[in-house]
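>>> Pasted the sequence and its predicted model underneath.
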Amino acid sequence: EPEVTQTPSHQVTQMGQEVILRCVPISNHLYFYWYRQILGQKVEFLVSFYNNEISEKSEIFDDQFSVERPDGSNFTLKIRSTKLEDSAMYFCASSGDNSRANVLTFGAGSRLTVL
Amino acid sequence: GDSVTQMEGPVTLSEEAFLTINCTYTATGYPSLFWYVQYPGEGLQLLLKATKADDKGSNKGFEATYRKETTSFHLEKGSVQVSDSAVYFCALAGGTSYGKLTFGQGTILTVHP
């Protein structure tokens, strides 16, 4: 069964450092997403991406965050200058055409720890 | 805004017991409703979904019915197995924003032999 893969599975970084989380969505999917889950809290929507541009973003997704699909297969989330409160599990997801756009396939997550 | 509330966990059951995990929601319009499951070390997997009132989603023995009158989407299974031990998330997709899911807090289910 096709799956979404994420790397790294765990990253530890110092506050203020840049972090890039990588994702390989399912190859024929058209919509791409990032979600995060702070320990003990709900899974939260960050951003959706379609047709090489952001289609929607939450208020969490401020100027410190950016997304990119650099080569047609990878989908990345960059945090420019990490803060302690960015520590969370970050989930990438993808979905297919309009009729199945709300049926998301999630990756296993990348755990980010900011010290 | 949209919100989803799940019953407090964790839930611990013996094998073959009946499972109910309650989920209620607040949303404008007519959202689609989902249950996702996360097994240890894996991503969230879609378990079942319902897109309109009175729809019943089902998969792997799990069922949930979209109840608009009570704004609920409770997850049930008649006889749980040890392999059902996981975290279960109720979620909704409202409006016209594709893939923008609002999640509940998740319920940890542990099933003992």
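On my side now, so go ahead. Numbering: from 1, shown residues only, chains lettered A, B, ... in the order given.
>>> Now do the contacts for residue B:71.
By CB atoms under 8 Å, 6 or more residues apart in numbering or on different chains, the contact set of residue B:71 is B:24, B:25, B:26, B:27. Every residue, glycine included, has its C-beta placed from N, CA and C.
>>> Tell me which stretches of chain A form helices.
Using DSSP state H, no helices are found in chain A.
>>> Report the central residue of it.
Nearest to the mean C-alpha position of chain A, by CA atoms, centre = their mean, lies residue A:34 at 3.0 Å.
>>> who's in contact with it?
Contacts of residue A:34 by CB under 8 Å, 6+ apart are A:21, A:23, A:46, A:47, A:67, A:77, A:90, A:91, A:92, A:93.
>>> okay, now residue 16: neighbour count?
Looking at chain A here, since you left the chain open. 10 (other CB atoms under 10 Å in any protein chain shown).
>>> I was after chain B.
Other residues close to residue B:16 by other CB under 10 Å number 11.
>>> mind listing what the residue lying closest to it once chain neighbours are set aside touches?
Among residues not flanking residue B:16 along the chain, residue B:79 sits closest, at 4.7 Å (CB to CB, 6 or more residues apart in numbering or on different chains). Contact analysis of residue B:79 by CB under 8 Å, 6+ apart lists B:16, B:17, B:18, B:61.
>>> and residue B:79, that's in a strand?
No: counting by DSSP: H, G, I helix; E, B strand; the rest coil, residue B:79 falls outside a strand, being coil.
>>> quick one: it from residue B:47, how far?
Counting by CB to CB, to the nearest Å, the gap from residue B:79 to residue B:47 is 16 Å.
>>> and if you look at residue A:18?
Taken as CB to CB, the span from residue A:18 to residue B:47 is 36 Å.
>>> Which one of those two is surrounded by more residues?
residue B:47 (21 against 11).
>>> what's the offset of the strand or helix carrying that one from the middle of its chain?
Using DSSP states H and E, residue B:47 falls within strand B:44-50. On the basis of CA atoms, centre = their mean, to the nearest Å, strand B:44-50 sits 8 Å off its chain's mean C-alpha point.
>>> Which residues of chain A lie near chain B?
Within chain A, the positions adjacent to chain B are A:3-4, A:6, A:31, A:33, A:35, A:41-45, A:48, A:50, A:55-56, A:91, A:93, A:95, A:98, A:101-109 by CB under 8 Å from any CB of the partner chain.
>>> Mind doing that once more with 7 Å?
Applying CB under 7 Å from any CB of the partner chain, we find that chain A lies next to chain B at A:4, A:31, A:33, A:42-43, A:45, A:48, A:56, A:91, A:95, A:101-104, A:106-109.
>>> Just the buried subset of the residues you listed, written out for PyMOL, thanks.
In PyMOL, a selection of the buried entries from the residues of chain A next to chain B looks like this (16 or more other CB atoms under 10 Å in any protein chain shown):
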select buried, chain A and resi 4+31+33+42+43+45+48+56+91+95+101+102+104+106+107+108+109
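>>> Find the nearest non-adjacent residue to residue 43, please.
You didn't pick a chain, so chain A it is. residue B:103 (4.2 Å).
>>> nope, chain B
residue A:106 (3.9 Å).
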